[in-house]
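Colleague: make a model of this:
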Amino acid sequence: MKKLSGFNKFMYVVNITLAVLTLMGYVLPYLAPKLFPFLSVLTLFLPLFLIINLIFCVYWIIQFKRQFLLSALMFVLGYTFFTQFYKISATHKPVEEEDFTVLSYNVRLFNLFDWIKDENVSENIKRFVEEKQPDIICFQEYSKSADFEFDDYKFRHIVMQGNKIKTGNAIFSKFRIIDQGEIMLPQSDNNVVYADIVKGKDTIRVYSIHLQSINISPDINEKIDENRSKLIFNRISKAFKEQQVQSELIESHMRDFKGRKIICGDMNNSAFSYVYRNVRGDLNDAFVEAGKGFGKTYNYPYYPARIDYILVDEIFEVKQFTTFSQFKNSDHFPIMARLKIVKNK
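Modeller: I've put the predicted structure just below:
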């Protein structure tokens, strides 16, 4: 460091600080948010840390400085985290008769309160479903306010709650549902529903989950001052603690079911969080298996937030995964996976 210029010494101090924060980001998904609620917020910034580490790596390499090793090490250690954030190429395998598709979509009450200035939002969503024809649909923030029915789906499980405004989770299926239920989330308007769906000779338990929101507005015109920054961090910390309890309830419920599982829904948290790690367990993330790009599922400016997921047991081959980021009829984007049950797994 003695041979560095004054500016490069400053840059290297910043680099070291970034490395420490990156390491903390790697460790935090293994620690319950209740222990470090404020620090858990760092997991939201882990993708940014990885990108800046790459920039630092290039910065030192073009100067032939060995300081590049620090950022290179950080990136190598976190390579598996990077693949959850960005995929270079997608998987798209040939369609077979045994394939089936699963759609997950937070529909934001079908635009009940006109957040989007388009009176055709609910009809747009209906046409989208009719066009894509998924075999199984998991809706979050579902509402019966939309004046239409999904006629192609004879089997359904809908759980609504609330007094004046009723919202909830819904599962629609072209395949027969033989059992269904709900996981009540304590002191929350959110919930989890599940349905046991029969496809051929196989029974699949499908969960539609919607975890505690962090309640941050995506309004880019809203001024972010010091007081609001503190409010945001406190709100995120509180939501992460609530999500921890919710994820542990889901994990316990899934552990009691020994059959094949598919988890769909809005976790309101990143793929680098304790919550995601807890719910995912040993399941495969369909985006990681077959997606492409950032996989952004929440329409938040400047940041590719992936907070909606389709997680599947190892027995399911993920043959295709699509994020419909051009379909802007909610604050979330729909995601869909094409799956196949592989018997020898």
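Colleague: in the stretch 51-200 of the chain, which spans are strands?
Modeller: For the stretch 51-200 of the chain, the strands defined by DSSP state E, counting those that start in this stretch occupy 100-106, 136-142, 155-161, 167-173, 176-184, 191-199.
Colleague: and the third one, what's its mean pLDDT?
Modeller: Put plainly, it is strand 155-161. The pLDDT scores in strand 155-161 average 92.
Colleague: kindly report the same for the first one.
Modeller: The predicted model gives strand 100-106 an average pLDDT of 98.
Colleague: contact partners of that strand?
Modeller: Strand 100-106 is contacted by residues 125, 129, 132-141, 175, 199, 206, 208, 210, 262, 264-266, 308-310, 330-332, 334-340 when judged by Cβ atoms under 8 Å, 6 or more residues apart in numbering. The way it works is simple: take the backbone N, C-alpha and C, and place the C-beta from them, glycine included.
Colleague: if we use 6 Å, what do you get?
Modeller: 134-141, 264-266, 308, 310, 332, 334-339 (Cβ atoms under 6 Å, 6 or more residues apart in numbering).
Colleague: need the winner for burial among the strands of the stretch 51-200 of the chain.
Modeller: Each of the strands of the stretch 51-200 of the chain was scored by mean neighbour count; the highest is strand 136-142, a mean of 28, by mean count of other Cβ atoms under 10 Å.
Colleague: please state the offset of stretch 16-28 from the chain centre?
Modeller: Mean C-alpha position of stretch 16-28 versus that of the full chain (Cα atoms, centre = their mean, to the nearest Å) differs by 22 Å.
Colleague: give me the mean pLDDT for it.
Modeller: 92.
Colleague: low-confidence stretches in this structure?
Modeller: Along the chain, the parts satisfying pLDDT under 70 run over 1-2, 215-230, 345.
Colleague: residue 136 reaches residue 173, doesn't it?
Modeller: Yes: contact status for residue 136 versus residue 173: in contact at 5.0 Å, counting by Cβ atoms under 6 Å.
Colleague: overlap in contacts, those two.
Modeller: By Cβ under 6 Å, 6+ apart, no residue touches both residue 136 and residue 173.
Colleague: re earlier: could you export the strands of the stretch 51-200 of the chain as TSV, including distance to residue 316?
Modeller: Below are these laid out as TSV (distance: least, Cβ to Cβ, whole Å):
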stretch	distance to residue 316
strand 100-106	9
strand 136-142	12
strand 155-161	20
strand 167-173	16
strand 176-184	18
strand 191-199	11
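Colleague: convert stretch 239-250 to CSV, retaining C-alpha atoms only.
Modeller: Coordinates of each C-alpha in stretch 239-250 appear next as CSV, following Å, rounded to 0.1, in the frame of the first residue of the first chain:
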residue,chain,number,x,y,z
ALA,A,239,-40.7,-6.5,8.2
PHE,A,240,-37.6,-8.9,8.1
LYS,A,241,-38.3,-10.0,11.6
GLU,A,242,-41.9,-10.7,10.8
GLN,A,243,-40.9,-12.5,7.6
GLN,A,244,-38.6,-14.7,9.7
VAL,A,245,-41.5,-16.0,11.8
GLN,A,246,-43.6,-16.5,8.7
SER,A,247,-40.8,-18.4,6.8
GLU,A,248,-40.3,-20.7,9.8
LEU,A,249,-44.0,-21.5,9.9
ILE,A,250,-43.9,-22.4,6.1
